[in-house]
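Enquirer: sequence first, predicted model second:
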Amino acid sequence: MRLFLTLRPRRYIWLLAAILFAFALLLLRGTGRRGLTGAEIGQRAQQELQRTASYRFELAVRTVIDGQEAMVSQVEGEFVRPDLYHIKGRSYDYPLEMYQLGSEIYFKDPADGKWKVARGGPNLVAEAVNLGTSPLVDFLQAENFELVVQERLDGREYYHLCTPLGEVTNDYWRVFFSDFLLETWVERSNFKIERVRLLGSNRSVPGDKLEIELKLFDHDAPIVITPPPVEGGPSNEKQ
């Protein structure tokens, strides 16, 4: 009986030590799996965007200037790295369809409905490309990312980031707006950008505002961009 009494507490001590050791391991693992900061998520998303070979996108640009609300642009398109675009929709109330292959731009002239090719292209066409690319350039140049929340949208998990911007890439917006805020939704599983929203306001005119919403999808899809045939001009297929 005396031997039993001496062994039993010893067994409990070893059991208690094992429980404490396991608990300590759990604490250490938990510390190693801490959540990512907004800065870390933003940097990973920037790297992923720079690696992305292609994507499809939808863009909507709305403004309120001097009390006048306008849908500046509403387009959809495709992009293949490094500089191939196909864009179709409306910009400044005009129908727009264009292809950019490096320095060559193929555009459908709204005046006669014919396809034409030019280097640089009309201002309207160049602006349409700039509208679609400038929010992503702003994102790539941003440095301070704040993690607002992790949220679930359409069955997927996203990081919602917020970034105040001192300046934006598009010179046109700086004429009318003074303060900018960039919101970004980054898919948690792969750090690909699903949506970017650029908001602008004017501290001198409180009612003026800018809202640009850019949605990206079909990342790294095998997209082929084929410009239309142009009379007397080249016809190329780019992938």
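Expert: Sure, I can see it. This structure is a prediction, so every number in the text was calculated from the model and none was measured.

Enquirer: now do the domain split for this structure, please.
Expert: If you go by automatic domain parsing, the domain ranges for the chain are 1-33, 38-217.

Enquirer: any low-confidence regions in this protein?
Expert: Scanning the chain for pLDDT under 70 picks out the ranges 1-34, 120-129, 131-132, 231-239.

Enquirer: all helices in it, in order from the N-terminus.
Expert: 2-32, 38-51, 123-141, 171-176 (DSSP state H).

Enquirer: re earlier: export the domains of the chain to CSV and tack on mean neighbour count and distance to Pro227?
Expert: C-beta: built from backbone N, CA, C; applies to glycine. What follows is those, written out as CSV (neighbours: other CB atoms under 10 Å; distance: least, CB to CB, whole Å):
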stretch, mean neighbour count, distance to Pro227
domain 1-33, 9, 49
domain 38-217, 16, 4
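
Enquirer: a markdown table for those, including distance to Pro228?
Expert: Converted to a markdown table, the domains of the chain look like this (distance: least, CB to CB, whole Å):
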| stretch | distance to Pro228 |
| --- | --- |
| domain 1-33 | 52 |
| domain 38-217 | 5 |
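
Enquirer: chain center to stretch 48-58: distance?
Expert: Its chain's C-alpha centre lies 9 Å from the corresponding centre of stretch 48-58 when counted by CA atoms, centre = their mean, to the nearest Å.

Enquirer: bridged to Ala118, which residues?
Expert: For Ala118, the beta-bridge assignment (DSSP bridges) gives partners Ile105.

Enquirer: I figured it hits Leu101, correct?
Expert: No - assessed by CB atoms under 8 Å, Ala118 is found out of contact with Leu101, at 11.9 Å.

Enquirer: so what's the nearest residue to Gly42 once chain neighbours are set aside up against?
Expert: Here the nearest residue to Gly42 in space, its sequence neighbours aside, is Phe145; by CB to CB, 6 or more residues apart in numbering that works out to 3.2 Å. Under the criterion of CB atoms under 8 Å, 6 or more residues apart in numbering, the contact list for Phe145 reads Gly38, Ala39, Ile41, Gly42, Gln43, Leu161, Cys162, Thr163, Thr184.

Enquirer: for Asn130, which non-adjacent residue is closest in space?
Expert: The spatial neighbour of Asn130 that comes closest, neighbours along the chain excluded (CB to CB, 6+ apart), is Asn170 at 6.0 Å.

Enquirer: can you tell me what sits against stretch 48-63?
Expert: Applying CB under 8 Å, 6+ apart, the contact partners of stretch 48-63 are 69-81, 89, 131-132, 136, 139-140, 176, 190-193, 208-223.

Enquirer: state the distance from the closest residue to Gly67 other than its chain neighbours to Asp179.
Expert: Taking CB to CB, 6+ apart, and ignoring the residues beside it in sequence, Gly67 has Gly207 as its nearest neighbour in space, at 6.3 Å. According to CB to CB, to the nearest Å, Gly207 and Asp179 sit 14 Å apart.
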